[in-house]
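Engineer: Have a look; sequence and predicted model below, questions after that.
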Amino acid sequence: MDDGDISIHELKRVDLKGATIIDGFPSVGLVSSIAANYLIKVLDLEHIGIMDSEHFPTVSLIRDSKPLSPVRIYAGGKGGRGDQIVAFISEFQPPAPLVRPIAYALVKWAIEQRCKMIVSPEGLVVDPELKTTTDVSDIVFGIASTPSARELLKENEIRTFEEGVISGVAGILLNEGRKRDFDVITLLAEAHPDFPDAKAAALVLEAIDRILLGIEFDAKPLFEESQRIEEHIREIQKQAVVRDEAKDVPRPAMYG
């Protein structure tokens, strides 16, 4: 597969020059999905488009009596620094053959729209042996594709992720960013691999606020909202399982 398998449809034309894209495809602990959902609500982002593929789950999410595609694009919400935010959001984990096409299409679209950067919130699974010597439960790590993005992490005192593996859409985005000299940043917080982790999402959101928004989020309501989104994502997954079991067909790939 190549990025020709993925299409992006704009429901509303928006000038996105200089915008920062948030990667909301599911990750460890659903950190990216929770973070993107929270930003969509708190910044009142507008639904401007969808990403589509014949290989995506054959579902429609219904909210406020409106059908929504498995992968949506939201934009708007200029923060204290005036940066526009774009969020790609999905509750479904892409099957392995679609990871590269999704990442390629996202970077290509970001460059075409003249966006300035892509940020991927991610959950970090910590080796139990490492945890015996280092407490990383409240630390956010960062890795960037370009020298300028690495300098941004340094300026905001984000600790460098020095060694390990970042997989999925976030990993390919980093590789593509380096290849194309386009700023991509992955922010990682320790997350539980087996269930949605609101605390990790809250930590990464605070880092995103520090780097991009400058609107001084209050951590307590942020954490409470992350828990609400966590419950919402659980309910979507539960409904999908019940639906597919009733039809006796394989359920679409979903994180969790």
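Structural biologist: Good, I have the coordinates. In this text, all values refer to a predicted model and were calculated from it rather than measured experimentally.
Engineer: Reduced to three states, what does Glu151 come out as?
Structural biologist: In three-state terms, and counting by DSSP: H, G, I helix; E, B strand; the rest coil, Glu151 is helix.
Engineer: ok, now how distant is it from Ile185?
Structural biologist: Using CB to CB, to the nearest Å, Glu151 is found at 11 Å from Ile185. C-beta here means a position set from N, CA and C on the backbone, and glycine is covered the same way.
Engineer: The two - which one has more neighbours?
Structural biologist: For Glu151 versus Ile185, neighbours defined as other CB atoms under 10 Å are more numerous around Ile185 (29 against 11).
Engineer: in what helix or strand does that one lie?
Structural biologist: strand 184-190 (DSSP states H and E).
Engineer: How many residues are close by Glu46?
Structural biologist: Every residue meeting other CB under 10 Å relative to Glu46 is counted, giving 14.
Engineer: correct me, but it touches Gly76?
Structural biologist: Yes - counting by CB atoms under 8 Å, Gly76 is a contact partner of Glu46 at 4.9 Å.
Engineer: between the two, what contacts are shared?
Structural biologist: Val14 (CB atoms under 8 Å, 6 or more residues apart in numbering).
Engineer: buried ones in stretch 166-174?
Structural biologist: For stretch 166-174, the buried set under the neighbour-count rule, 16 or more other CB atoms under 10 Å, comprises 166, 168-174.
Engineer: could these be laid out in TSV, adding distance to Leu124, pLDDT and secondary structure?
Structural biologist: Supplementary listing: these in TSV, determined by distance: CB to CB, whole Å; pLDDT from 0 to 100; DSSP: H, G, I helix; E, B strand; the rest coil:
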residue	distance to Leu124	pLDDT	secondary structure
Ile166	9	91	coil
Gly168	13	91	helix
Val169	16	94	helix
Ala170	11	95	helix
Gly171	13	95	helix
Ile172	18	96	helix
Leu173	16	97	helix
Leu174	14	96	helix
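Engineer: Reformat the residues you listed as JSON lines; add distance to Asp15.
Structural biologist: Listed next are the buried residues of stretch 166-174 as JSON lines, based on distance: CB to CB, whole Å:
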{"residue": "Ile166", "distance to Asp15": "31"}
{"residue": "Gly168", "distance to Asp15": "30"}
{"residue": "Val169", "distance to Asp15": "25"}
{"residue": "Ala170", "distance to Asp15": "27"}
{"residue": "Gly171", "distance to Asp15": "30"}
{"residue": "Ile172", "distance to Asp15": "27"}
{"residue": "Leu173", "distance to Asp15": "23"}
{"residue": "Leu174", "distance to Asp15": "27"}
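Engineer: Show me which of these is closest to Glu91.
Structural biologist: If you rank these by distance to Glu91 using CB to CB, Val169 comes first, at 14.0 Å.
Engineer: ok, so what distance separates that closest one from Leu213?
Structural biologist: Val169 is 22 Å from Leu213, by CB to CB.
Engineer: what does Glu190 give?
Structural biologist: Distance from Glu190 to Leu213, by CB to CB: 23 Å.
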